[in-house]
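> Based on what follows, work out the 3D shape:
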Amino acid sequence: MAADTDDRPDFRGSTWERVLISRWIDHSVRALMVSLPLLLGGGFFFGLTHDSFPGLLSASEGTVQALGYAIGGCAGGGIAALGSTLRQRRFAEVERGIDPRRRRAARLALHRGELVDDPEANRIAASLARLHLQEGWTPLMVRIFQISAGGFATLLAVAVYFKVKYYGVDYVVTYNVFLMLWMATAAAVVLPALARTHVHSRRIVALQEAEASDSTYRGSQPRPPGSGCQVL
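Model prediction:
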């Protein structure tokens with residue numbers, strides 16, 4: 001029986017890692033972070049318009065807010081879908097025609113920030129890493145956004161507290177609460193993930209270039225006499 005000569009990598013990783021490296025997770029999180037503020041903003045704007053100009057829209061406040069949520073959600077979903085499609089095209093160019101197991105190995109290498117035992121998968125990971133680096137989410141930029149989002153979320157929390165204490169709950173409070181949660185999630189989860197991807201991308205590019213250089217150097221060295229294979 002012939003031996004199995006399939007040398008493709010089969011790096012599966014843990015279940016959680018397979019979830020995180022899925023392309024749909026990244027696109028879904030980005031789409032949610034873009035569309036949610038627009039959805040809430042639509043409801044807030046239409047509710048504010050209804051209160052400020054009662055005669056402008058004859059429908060009830062609930063109907064007007066529902067209309068605002070629908071319009072804001074459609075606008076946010078459209079913008080998120082367009083951005084996700086354009087971004088996916090850039091990454092798809094690198095992964096087009098790649099074996100699924102090797103593609104998973106490359107994504108796993110990028111996720112962990114370390115090379116795997118497959119030079120081709122490492123080359124793909126380095127190409128993906130360069131695309132991530134072009135997006136510019138450096139740790140310094142992330143830290144600036146974190147401080148800004150965290151500070152604004154704190155101000156919203158204080159404003160919501162006094163609004164509820166003295167005036168009760170209304171659509172303005174609801175909007176501010178969701179906006180505060182959105183900013184807190186961005187500051188605590190999404191932005192650190194972007195910074196971690198940037199750091200791992202820099203590491204992968206450096207390691208892959210060093211690996212390629214070392215392989216080229218070793219391949220250019222003359223072999224000692226008698227070290228090659230001879231056909232008898």
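> Tally up the residues packed near D170, please.
Neighbours of D170 under the rule other Cβ atoms under 10 Å: 13. For the C-beta atoms, the positions are set from N, CA and C on the backbone; glycine is no exception.
> now do S148
Close neighbours of S148, defined as other Cβ under 10 Å, add up to 13.
> Repeat that for A126.
If we define neighbours as other Cβ under 10 Å, then A126 has 23 of them.
> Which residue ranges make up the domains of this structure?
17-96, 98-213 (automatic domain parsing).
> Any chance of CSV for those, columns mean pLDDT?
Listed next are these as CSV, based on pLDDT from 0 to 100:
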stretch, mean pLDDT
domain 17-96, 78
domain 98-213, 89
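> Name the helix or strand for R130, please.
helix 119-134 (DSSP states H and E).
> so after that helix, what's the next helix or strand?
helix 139-167.
> Identify each buried residue in the lengthiest helix in the chain, please.
Using DSSP state H to assign secondary structure, the helix with the most residues in the chain is helix 61-95. Neighbour-count burial for helix 61-95, counted by 16 or more other Cβ atoms under 10 Å, picks out 64-69, 71-73, 76-77, 80, 84, 91, 94-95.
> Nearest to W182 among these?
G76 (11.8 Å; Cβ to Cβ).
> OK, contacts around the residue nearest to the spatial centre of the chain?
Nearest to the geometric centre of the chain sits D26, at 4.1 Å (Cα atoms, centre = their mean). The contact partners of D26, by Cβ atoms under 8 Å, 6 or more residues apart in numbering, come to none.
> Report the buried residues of the host helix or strand of it.
Following DSSP H and E, one finds D26 within helix 23-52. Using 16+ other Cβ under 10 Å as the test for burial, helix 23-52 gives 26-27, 30-48, 50.
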